[in-house]
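[1] below are the sequence and a predicted model; questions follow.
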Amino acid sequence: MAYKSLLTVMTETTQSDSALAQVVALAGAQDAHAEALCLGVDRSQTGYYYAGANALILQETLNRANAEAEEILAFAKDFFTKSGVRWSAESGVAQIADLGRHVAHRARFSDLVVLPQPYGENRGVEAEPIVEAAMFEGHTPVLIVPDSAKIFSKPGTILIGWNESVEAMRAIRRALPFLIAATQVRIVVIDPPRHGPDRSDPGGMLSQMLSRHGVKCEIDVLSKTMPRVSDILNRHAVDTQADMIVMGAYGHSRFREAILGGATRNMLEQSSVPVFLAH
């Protein structure tokens, strides 16, 4: 079991190094095909132009997006050529409002989408919709790679954020190739419920299921000593020197997460290690 089709989506060159390096490392380790979709984004939103805007203005924005796409494509080709892995790359132009359709179409035919951290300094407004399009419309797991993350070809220690949710279980199943290959998997349970079928053995049934796949796992039951679950997971990832965190994405509605924040958004903002997400 392995990921054989790896996709990354690029809309600029300054924040893409980590994601590209991670794609190459995984492609080399799993004998997979690395693919880059290089998009020039037309951020003008034609419907909101002032009255009287002429075709020259519209053409100028398209020309700029085409030039950006070709620059990104050249960057990706140069990066892949030096890597020695099997690869392909292509460019295109998309309006910001239609970006999700292009990403979802390509993600649907990939095993894993590897993307840079969508939040932070100098991130474009298109970074978050790309992540969501891959997961929700493309129905593909996503690996988010922070700029400072250590690139791995085979994960050593993996943390699983386990809260018994459907989203978490789906992420775990999608992450099985990583979990099986890992040296150690730590199932992290934070403040388990005092009442329920698993109250005496939190994470026990998950551990049993994974062990039957050959996964070497332990269970870490942690108290909620910090206000946010994401803070505890991040701290534990540093303490255990984890290479990756696996968690379900958007347990609440995306609208609520966007307005109030949530574990998914906080993780994507703050994590210093790659985060594997599925919904």
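    Sure, I can see it. Residues are numbered from 1 along each chain as shown.
[2] what's the local residue count around E68?
    Neighbours of E68 under the rule other CB atoms under 10 Å: 20. Where C-beta positions appear, they are placed from N, C-alpha and C, glycine not excepted.
[3] hey, where'd the strands end up in the stretch 51-200 of the chain?
    Here the stretch 51-200 of the chain has its strands, by DSSP state E, counting those that start in this stretch, at 86-95, 112-116, 142-145, 157-161, 184-190.
[4] ranking the ones you listed by burial, who's on top?
    Among the strands of the stretch 51-200 of the chain, ranked by average contacts under mean count of other CB atoms under 10 Å, first place goes to strand 112-116 (a mean of 28).
[5] turn the strands of the stretch 51-200 of the chain into CSV, including mean pLDDT and distance to K4.
    CSV is the format used below for the strands of the stretch 51-200 of the chain (pLDDT from 0 to 100; distance: least, CB to CB, whole Å):
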stretch, mean pLDDT, distance to K4
strand 86-95, 94, 10
strand 112-116, 97, 9
strand 142-145, 97, 15
strand 157-161, 97, 20
strand 184-190, 96, 22
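[6] helix or strand right after the helix or strand of the chain with the lowest mean pLDDT?
    Ranked by mean pLDDT, DSSP states H and E, the weakest helix or strand in the chain is helix 254-260, scoring a mean of 45. Toward the C-terminal end, the helix or strand that comes next after helix 254-260 (DSSP states H and E) is helix 263-270.
[7] output that following helix in CSV with nothing but the alpha carbons.
    These are the backbone C-alpha positions of helix 263-270, laid out as CSV (Å, rounded to 0.1, in the frame of the first residue of the first chain):
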residue,chain,number,x,y,z
ALA,A,263,-8.7,22.9,15.8
THR,A,264,-8.2,22.6,12.0
ARG,A,265,-7.5,26.3,11.4
ASN,A,266,-5.3,26.6,14.5
MET,A,267,-3.2,23.6,13.5
LEU,A,268,-2.7,24.9,10.0
GLU,A,269,-1.6,28.3,11.5
GLN,A,270,0.7,27.1,14.2
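[8] helices along the stretch 151-279 of the chain, start to end?
    Using DSSP state H, counting those that start in this stretch, the helices of the stretch 151-279 of the chain run over residues 166-174, 176-181, 204-211, 229-239, 254-260, 263-270.
[9] list the contacts for the spatially closest residue to M267 that is not a sequence neighbour?
    Using CB to CB, 6 or more residues apart in numbering and skipping the chain neighbours, the partner closest in space to M267 is S230 (4.7 Å). Contacts for S230 (CB atoms under 8 Å, 6 or more residues apart in numbering) come out as 263, 266-267, 270-271.
[10] gap between S230 and V188?
    Distance, S230 to V188, by CB to CB, to the nearest Å: 12 Å.
[11] low-confidence ranges, the stretch 151-279 of the chain, go.
    Scanning the stretch 151-279 of the chain for pLDDT under 70 picks out 195-200, 251-262.
[12] what's the answer for the stretch 1-150 of the chain, then?
    Short version for the stretch 1-150 of the chain, where the test is pLDDT under 70: 45-58.
[13] that one: helices as residue ranges?
    17-30, 55-81, 99-107, 127-132.
[14] how about JSON lines for the ones you listed, with distance to W162 added?
    Formatted as JSON lines, these follow (distance: least, CB to CB, whole Å):
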{"stretch": "helix 17-30", "distance to W162": "24"}
{"stretch": "helix 55-81", "distance to W162": "36"}
{"stretch": "helix 99-107", "distance to W162": "25"}
{"stretch": "helix 127-132", "distance to W162": "22"}
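[15] nearest to G120, out of those helices?
    Nearest of those to G120, taken as CB to CB: helix 127-132 at 8.8 Å.
[16] out of the helices of the stretch 151-279 of the chain, flag the one nearest D17.
    helix 263-270 (18.0 Å).
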